[in-house]
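Peer 1: The sequence and its predicted three-dimensional model are supplied below.
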Amino acid sequence: MVDAVIVRAGDSVATLLRDGDAGDRIDTGSAILTLASDVPRGHKIALGALAPGTDVLKYGYSIGRTTDAVAPGGHVHSQNLATGLAGTLEYGFAPSADVAVASPSPETFRGYPRADGRVGTRNEIWILPTVGCVARTAERIAAKAGARLVGKIDGVHAFGHPHGCSQLGHDLDGTRQILASLACHPNAGGVLIVGLGCEENQIKALIEAIPAWRRPAIRTLTAQLSADEVEEGMALVEELAGLAVCERQDVGIDRLVLGVKCGGSDGLSGLTANPLVGRMSDRIVDAGGRVVFTEIPEMFGAEQILMNRAANVEIFDRIVGVVNGFKQYFIDHGEPVSENPSPGNVAGGITTLEEKSLGAVQKAGRSAIADVVGYGGRVAVDGLTMLEAPGNDAVSSTALAAAGATVILFTTGRGTPLGFPVPTIKIASNSDLAQRKPGWIDFDAGQVLDQGFATAETALLNCIRAIASGKETAAERNGEREIAIWKRGVTL
């Protein structure tokens, strides 16, 4: 059995597939190495001697430079490897020849066709509070109305948040745009907007941010003007449910909008789960569907790979603008652009942001990038779209849902129970996590190591089709549905 994997020929490190003890002999498939110390699964060992200041290669790219000498079989991690990232950069466009080739798929799922041509994977009523003051009110309405409507629709869900008041300018605009985009989602057969009445995020302005074609499926309630806001809200939800009657139909997977996300990554994420999701991304794009990816700070160190896949120079320039804009955001707040990975990532074997990014960007597959949209924006074209949002799991997943993702593929090496407005498929990077946390995990990508990508790809596609057709995710079974809005401005 091979104990460690070399990702690409020419790499200077291999990743352990099991915990190793000092003195263990490790088979990398091309050489046998002796561990100089205990090394956990997912961590890296040197394939040869590394002098201080040497670029360490993984995935065929530098993941940082050594700060001390490392002997063959030595543990390469935070004690001897440091990031090489600093500040904004100037980039050149060198179109990549390594772009996925179209191969349309005959697979289908049973979705909810909408009058505007989109297809939902759920038929629900969503309740969106304009402000945190009525978040609990929205939840009470959802609980009571949902109990009355069991069997008539797929569910009634409220998405509370603490924002909408004491916000100014672009910060308030961001809150309003996220809510407006969520209100347009095809998984929501109808939407109730609940306001307090005195907040900055006024219902009138929010409705104006929602396209006219969507407004017939929207109802509003101002709590300060209602004698009984819960009873009135329940009546409005029942009215919306009557308008939202819809039956599932067989449709092609080209009608999916796939969001891709990673959270709590480990050293195996870039070897199993993320490249497997990348194959799903290419599969959906090749079929004529839409895929959206985000987490801009988790592209730093790998951004040129994505830039070279821009469909044209205009898209390239927009990618550069978003990437450098995010770097400047860190700099303006006095933070280094490399302030990542998280403690959990480090414990799982990821040492630098470059390493994390090179693993993370694989979720976007190899398709050309067809569009770039800002935070709160909605996917508008077929193919692969880059979305502006931070790496934070809840904020970026909410942005994916608001952009129109009808299913989110969420890879993780550490595990998380968190769920979002749309079906969120948790994909474990390692089989140990999948076996320990079956209440969180929907799919085990660790099987890639035993059965190969082809088998795992077929299994994951079938999992996606089943969930898009109505099978509950672990997060849905657990009642885990949250949103988080990116707060960037001052609070009054």
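Peer 2: Alright, I've got the coordinates.

Peer 1: contacting residues for Leu81?
Peer 2: When contacts are counted by CB atoms under 8 Å, 6 or more residues apart in numbering, Leu81 touches Val56, Ile63, Gly64, Arg65, Thr66, Thr67, Thr351, Thr352. The C-beta positions use only the backbone N, C-alpha and C, and glycine is treated the same way.

Peer 1: Which residues outside the helix or strand the third one falls within are in contact with it?
Peer 2: The one in question is Gly64. Gly64 is part of strand 61-66, with elements assigned from DSSP states H and E. Under the criterion CB under 8 Å, 6+ apart, residues 50-57, 76, 80-84, 301-302, 305, 351-352, 354-355, 358 lie in contact with strand 61-66.

Peer 1: just checking, what packs against the helix or strand just after it?
Peer 2: Secondary structure here is assigned by DSSP H and E; on that basis, the next helix or strand after strand 61-66 toward the C-terminus is strand 75-76. With contacts defined as 3 or more CB pairs under 8 Å, 6 or more residues apart in numbering; DSSP states H and E, the secondary structure elements packing on strand 75-76 are strand 44-46.

Peer 1: which neighbours does the helix or strand that the strand it packs on is followed by have in its sheet, and in what orientation?
Peer 2: Downstream of strand 44-46, the first helix or strand assigned by DSSP H and E is strand 55-58. Strand 55-58 has these partner strands in its sheet, going by DSSP bridges: strand 61-66 (antiparallel).

Peer 1: Pull out the C-alpha coordinates of the strand it pairs with and format them as CSV.
Peer 2: Extracted C-alpha coordinates of strand 61-66, given in CSV (Å, rounded to 0.1, in the frame of the first residue of the first chain):
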residue,chain,number,x,y,z
TYR,A,61,3.5,25.2,-7.6
SER,A,62,5.2,26.8,-4.7
ILE,A,63,3.4,26.7,-1.4
GLY,A,64,6.0,28.8,0.4
ARG,A,65,9.7,28.7,1.4
THR,A,66,11.6,26.8,4.0
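
Peer 1: For the remainder of this discussion, apply numbering that starts at 166.
Peer 2: Sounds good: first residue 166 from here, last item strand 226-231.

Peer 1: Report the buried residues of it.
Peer 2: Tyr226, Ser227, Ile228, Gly229, Arg230, Thr231 (16 or more other CB atoms under 10 Å).

Peer 1: closest to Glu479 among those residues?
Peer 2: Distances from Glu479 to the buried residues of strand 226-231, taken as CB to CB, are shortest for Tyr226 (26.1 Å).

Peer 1: quick one: that closest one from Leu337, how far?
Peer 2: In this structure, Tyr226 and Leu337 are 40 Å apart, going by CB to CB, to the nearest Å.

Peer 1: so Gly435 sits in a helix?
Peer 2: No. Counting by DSSP: H, G, I helix; E, B strand; the rest coil, Gly435 is not part of a helix but coil.

Peer 1: What are the phi and psi values at Leu401?
Peer 2: Here is the backbone geometry of Leu401 (degrees, to the nearest 10): phi -70, psi -40.

Peer 1: Do I have it right that it meets Arg384?
Peer 2: Yes. Counting by CB atoms under 8 Å, a contact exists between Leu401 and Arg384, whose distance comes to 4.4 Å.

Peer 1: Now for those two: what residues contact both?
Peer 2: Leu357.

Peer 1: so Ser446 sits in a helix?
Peer 2: Yes. With three-state DSSP as the criterion, Ser446 is located in a helix.

Peer 1: What is the burial count for it?
Peer 2: A count of nearby residues for Ser446, using other CB atoms under 10 Å, gives 25.

Peer 1: May I ask you to confirm that it is in contact with Ala529?
Peer 2: Yes. Between Ser446 and Ala529 there is a contact under CB under 8 Å: 5.8 Å.

Peer 1: Paired strands for the lengthiest strand in the chain, with orientation please.
Peer 2: When the chain is scanned for its longest strand (criterion: DSSP state E), the result is strand 353-360. Here strand 353-360 is paired, per DSSP bridges, with strand 289-294 (parallel), strand 383-387 (parallel).

Peer 1: which element follows the first one toward the C-terminus?
Peer 2: Remark: after strand 289-294, the chain's next helix or strand is helix 300-313, criterion DSSP H and E.

Peer 1: What's the mean pLDDT across the next helix or strand along the chain from that next one?
Peer 2: On the C-terminal side of helix 300-313, the nearest following helix or strand under DSSP H and E is strand 320-323. Predicted confidence along strand 320-323 averages 98 (mean pLDDT).

Peer 1: Just want the angle from the helix or strand following strand 320-323 to strand 289-294.
Peer 2: With elements assigned by DSSP H and E, the helix or strand that comes after strand 320-323 is helix 334-348. Computed with axes from the mean of the first three to the mean of the last three CA atoms, to 10 degrees, the direction of helix 334-348 lies at 160 degrees from that of strand 289-294.

Peer 1: Please identify the buried residues of helix 334-348?
Peer 2: Residues of helix 334-348 classed as buried by neighbour count (16+ other CB under 10 Å): 336-348.

Peer 1: by contact count, what packs against the helix or strand where Gly486 lies?
Peer 2: Assessed by DSSP H and E, Gly486 sits inside helix 478-497. Packed against helix 478-497 by the contact rule (3+ CB pairs under 8 Å, 6+ apart) you find helix 468-472, strand 534-538.
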